[in-house]
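Novice: pasting the structure only:
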């Protein structure tokens, strides 16, 4: 590999505040051509703001930005794009109804001649094919309708779009957070291709193994300060975490073991819509059971079927040996089941509603006074208690949940289910997109739930998390359970093997 | 858990002051506009700020206020009810047939009027929740035509006059200087305020408008709540019809034509969001009063009915634009 020493992008002393709130307090960063530069920091450390300044969405208050050695001003997104900075956001910016090549050329379509001439579809298709090939993809993809592709491939289309735009620096904001294991592998390969081509990459991720695997250098942000820039290969993961949270995390997975009790939850012959395979499993008191598998293996569908969200064929659900009939989420909640969904924003939260309302929504009956009207004060009191108990920050219950960070939003969702006095907690990817510190808090909360006699089931694609927190792991593949392993017999390899049906 | 807590304590209290200030402003927003309007009109016309005229306004606003409160419910769920004007018409026509043509007891007439309104609202709910029409814009547009058609068919387009006094009571009587219709509005608004802020179903209406999927997964029977919302909107249309019959002492098939526009305008001027989840009862009342004040003031100033339309249009657009700016600011924060 060619050694690139010249900096592609160099920023010095970037500051930014909103009103009195100082978000960036002097950030330095340099990215070299052909380098994967990782940005690591807890939610709220200033990563997003920094990225928005680089893409021209926000204006910096102070500091300088150099592009290939020249001082530049990024006054709007077009300035940034013209330089050759492209961003792949967590939420993809694609139009599912259009074809792949149309997406790649969206807004700058090639034409046969002047402004009023017709589109040159052939040229666009050809160029799109070239970009896809550069990424090691099948060029035939160019003619597919984008919406029919998986999330991973849609993301690759966005990267292809960046290449078509001659991007020299690509910013990837948690690109793997919603990808399956195979898609992640594919993305890694693409990143490798980009690196070889001398494209600089700013890579934002909370997944430490991934950072270790991909990164060249890592810059750690905390509370708006740059704490350190380190070479990835020669530094310890623990050091990164320590620098990120400002103290050492005693452990990433605070697993506590409890005595196994009797069976508390059982699912029999449940056939999830879309498959013909009945699913059976049970969970005992005192254990955390993980459900692993590839994205699309039917884990979320299973949880939704148990919770009465989707129709399912046959099957019985038992709590403490008593069969419960669930036809709707209301039935499930009344029976004591809580379902912490994968997608906080679209399925868990009322984003433009206050925290107390968000927490009370699943169990309004709890706040009915003697008159039959809701006791709003009791509702607020309860919310304040949860804010304290779960250390939700900022702790003003009048705030709308939209204004909280991912980790704190997750705590609000958990508070909602604590408020229903649920007995069975089904967590679906509970730590996706939240920072290390908040993750540990969620794990501790699971421990607490188990200790207090709740049943905890965790669906997760994060294998270290499954291995670190669960007592037993169920593996799903194509709608059926393919393994049920005590955690001491489980390993990443065994789980992956069962997950791929091998 | 304390070991991993990294956020500073000061953040807990920080946003409070600004927030309440902003809240006051955004709550005052529509009221401020109304006050300014009143000040301007009273300086332009000495007839404006008289008890007589104000009571006039109160009475003129009442039909729209009643339709508006039903509309508010629909809009809170991110829906709409385009059929209220037509439901009003069909309710009063059938009441007319029952009480005037068939000489039934006026109490039965009132029950029929409210019942027909509720029934049509219920149909709107069924179309939305059971037939899964994609948006209430479509289902209520359909029932708007159906309702109007029925209103015309039942008497072959002839009006019905000569209602018993008891039916006219709500529309043409006064308690002291205050029109009964406006007292009715106050009572209805107080009930709806309590309903929306202090009951489970009321809060669910906001939740559904804010995020229907999250609402469903929180155990809310979304369909049931929507049925209630559209039925109540129909009920309010029937009630508004009762007031209308009292005022003009007749029921005619084209009554309430285009009233849905005024009702939507009242809700939107009152600060509700078209995307659901945001809106208040008091705001809607202010919205309805604003429109009535505007109409009344323009009348006093001898502005033609045609020009009035244009002015009201401008006010609606201005009000929504202010809301757009407010939301954009809120998002940036």
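Specialist: Thanks, I have the structure now. Only a predicted model underlies this, so the values are computations on that prediction, with no experimental measurement involved.
Novice: can you give me phi and psi for residue A:85?
Specialist: In terms of degrees, to the nearest 10, the main-chain angles of residue A:85 are phi -100, psi 120.
Novice: From what I see, it and residue A:169 are in contact.
Specialist: Yes. Applying Cβ atoms under 8 Å, one finds residue A:85 in contact with residue A:169, separated by 4.8 Å. Quick note: C-beta positions are derived from backbone N, CA and C, even for glycine.
Novice: What segments of the stretch 251-400 of chain A are strands?
Specialist: Counting by DSSP state E, counting those that start in this stretch, the segments of the stretch 251-400 of chain A that form strands are A:263-272, A:278-284, A:288-293, A:312-313, A:316-319, A:322-324, A:337-340.
Novice: dump the residue contacts of the closest residue to residue B:172 other than its chain neighbours.
Specialist: By the measure of Cβ to Cβ, 6 or more residues apart in numbering or on different chains, the closest residue to residue B:172 outside its immediate chain neighbours is residue B:246, 4.7 Å from it. Going by Cβ atoms under 8 Å, 6 or more residues apart in numbering or on different chains, residue B:246 touches B:163, B:167-173, B:181.
Novice: which residues do residue A:85 and residue A:169 both contact?
Specialist: Common contact partners of residue A:85 and residue A:169 (Cβ under 8 Å, 6+ apart): residue A:9.
Novice: higher neighbour count, these two?
Specialist: The neighbour count for residue A:85 versus residue A:169, taken as other Cβ atoms under 10 Å in any protein chain shown, is higher for residue A:85 (26 against 23).
Novice: And the residue of the stretch 51-200 of chain A closest to chain B?
Specialist: In the stretch 51-200 of chain A, the residue found nearest to chain B is residue A:58; the distance is 9.8 Å by Cβ to the nearest Cβ.
Novice: for the closest residue to that residue other than its chain neighbours, helix, strand, or coil?
Specialist: With sequence-adjacent residues excluded and distances taken as Cβ to Cβ, 6+ apart, residue A:58 is closest to residue A:52, at 4.3 Å. Secondary structure, DSSP: H, G, I helix; E, B strand; the rest coil: residue A:52 is helix.
Novice: picking that back up, quickly find the element holding the residue nearest to residue B:172.
Specialist: helix B:222-248 (DSSP states H and E).
Novice: which residues touch the residue of the stretch 51-200 of chain A closest to chain B?
Specialist: A:16, A:49, A:52.
Novice: how about it, secondary structure?
Specialist: Quick answer, by three-state DSSP: residue A:58 is coil.
Novice: mind checking how far it is from residue A:75?
Specialist: Going from residue A:58 to residue A:75 by Cβ to Cβ, to the nearest Å gives 11 Å.
Novice: Quickly note the distance from residue B:150 to chain A.
Specialist: 35 Å (Cβ to the nearest Cβ, to the nearest Å).
Novice: wait, what's in contact with that residue?
Specialist: Residue B:150 is in contact with B:90, B:93, counting by Cβ under 8 Å, 6+ apart.
Novice: sorry, back to before: okay, the residue of the stretch 51-200 of chain A closest to chain B: pLDDT?
Specialist: pLDDT recorded at residue A:58 is 91.
Novice: now the strands for chain B?
Specialist: For chain B, applying DSSP state E gives strands covering B:160-161, B:174-175, B:178-179, B:250-251.
Novice: winner for burial among those strands?
Specialist: strand B:250-251 (a mean of 22; mean count of other Cβ atoms under 10 Å in any protein chain shown).
Novice: In terms of secondary structure, what does that one contact?
Specialist: helix B:84-96, strand B:160-161 (3 or more Cβ pairs under 8 Å, 6 or more residues apart in numbering or on different chains; DSSP states H and E).
Novice: Where in chain B is the helix or strand with the lowest mean pLDDT?
Specialist: Within chain B, no helix or strand scores below helix B:16-44, which has a mean of 74 by mean pLDDT, DSSP states H and E.
Novice: Pick out the residue closest to the middle of chain A.
Specialist: residue A:433 (3.4 Å; Cα atoms, centre = their mean).
Novice: Can you classify that one as helix, strand or coil?
Specialist: Put simply, residue A:433 is coil when judged by three-state DSSP.
Novice: Next one: it from chain B, what distance?
Specialist: For residue A:433 relative to chain B (Cβ to the nearest Cβ), the value is 17 Å.
Novice: My guess is that residue contacts residue A:174. True?
Specialist: Yes. Using Cβ under 8 Å, residue A:433 is in contact with residue A:174, at 6.5 Å.
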